[in-house]
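Asker: Here is the input, now give the coordinates:
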Amino acid sequence: MPGGRLTQQERQQIALGLADGHAYAEIARRLERPTSTITREVMRNGGPTAYRAEIAHRATEHRAHRRRQATPRGTEATPQPYGRDAEEVRSYEEAFTTVMMASGMPKMGARVMACLTLTDTGSLTASELVRHLQVSPASVSKAIAFLDAQGFVRRERDERRRERYVVDDDIWYQSMMVSARSTAQLVETARQGVSVLGSGTPAATRLENVARFLDFVSESITRAADQARDILHTKPEPTPDSTA
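Answerer: Take a look at the predicted model:
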């Protein structure tokens, strides 16, 4: 199976495969690459509908050049636990960030969220985030404020009284609840508009339909989140070759 970075020819084959409607697994099989490699490549370069081979190739070269400039000569990549490949982890972090941005999250918020989610501890200090992301403390502070408001992170103090930002096992459930409360407010506002615009008028009917739709979807998501909450607390089975 080929290794190393994707070539420009391989990216062209990926673009053709996407245009033909092939799944990532099928494209990966034809290129003799892991499916995860194809998934990361597509998601970090616009997604399945916007992927372009030439643009993806130039973007990858630009990212590699930027990393070389940002890394002082003589320094080495931070050692990864569990035998992980540092470059693969970095590529996946970029892909995760791209997906979060596609869902509507601001870029810096997505970068911070990806960084926190991919740590084994699930928590980092502001200085650790600044160092990892190579951004200003103000950028991290603004991103944390957004994530905190959305229920994606929580704050705590460690033994040295430093503020740590945590993505724990329950954080995705909590963010769902924040979203549900926000949707409930929208439902209430839409229904207030019905009385303002006059029940039975076209605009009021539109608002009533929106309210009914959002109310049904929000209730369904909340019920499903409650039922599936325990899944977030599932722990992996220990394996004989697991190493810290």
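Asker: what residue is smack in the middle of this structure?
Answerer: With distances taken as Cα atoms, centre = their mean, the chain has residue 100 as the residue nearest its mean C-alpha position (3.4 Å).
Asker: So that one is in contact with residue 116, correct?
Answerer: No. Residue 100 is not in contact with residue 116 according to Cβ atoms under 8 Å; the separation is 11.3 Å. Where you see a C-beta, it was placed from the backbone N, CA and C, and this is true even at glycine.
Asker: residue contacts, the residue nearest to the centre of the chain?
Answerer: Contact analysis of residue 100 by Cβ atoms under 8 Å, 6 or more residues apart in numbering lists 109-110, 113-114.
Asker: These in helices, which ones?
Answerer: Among the contacts of residue 100, DSSP state H puts 109-110, 113-114 in helices.
Asker: still on that earlier bit, which of the contacts of residue 100 lies closest to residue 152?
Answerer: residue 113 (6.0 Å; Cβ to Cβ).
Asker: Residue 105 is in contact with the closest one, correct?
Answerer: Yes. Residue 113 is within contact range of residue 105, at 6.8 Å (criterion: Cβ under 8 Å).
Asker: the more surrounded of the two?
Answerer: Shown here are residue 113 and residue 105; by other Cβ atoms under 10 Å, residue 113 has more neighbours (27 against 21).
Asker: what's the burial count for the residue nearest to residue 139 when sequence neighbours are not counted?
Answerer: Using Cβ to Cβ, 6 or more residues apart in numbering and skipping residues adjacent in sequence, the residue nearest residue 139 is residue 108, 5.4 Å away. By other Cβ under 10 Å, 20 other residues sit near residue 108.
Asker: Quick check: residue 108 vs residue 132, distance?
Answerer: Computed with Cβ to Cβ, to the nearest Å, the distance linking residue 108 and residue 132 is 13 Å.
Asker: Likewise for residue 192?
Answerer: Relative to residue 132, and taking Cβ to Cβ, residue 192 is found at 45 Å.
Asker: Sketch out the low-pLDDT regions of the chain for me.
Answerer: Applying pLDDT under 70 to the chain flags residues 1-4, 63-79, 238-244.
Asker: What residue spans form the domains of it?
Answerer: As recorded under automatic domain parsing, the domains making up the chain are 1-55, 85-166, 171-233.
Asker: could those domains go into JSON lines alongside distance to residue 62?
Answerer: Below are those laid out as JSON lines (distance: least, Cβ to Cβ, whole Å):
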{"stretch": "domain 1-55", "distance to residue 62": "10"}
{"stretch": "domain 85-166", "distance to residue 62": "12"}
{"stretch": "domain 171-233", "distance to residue 62": "32"}
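Asker: ok so, going back, what helix or strand does the residue nearest to the centre of the chain sit in?
Answerer: Element membership for residue 100 (DSSP states H and E) is helix 86-102.
Asker: Good, wrapping up.
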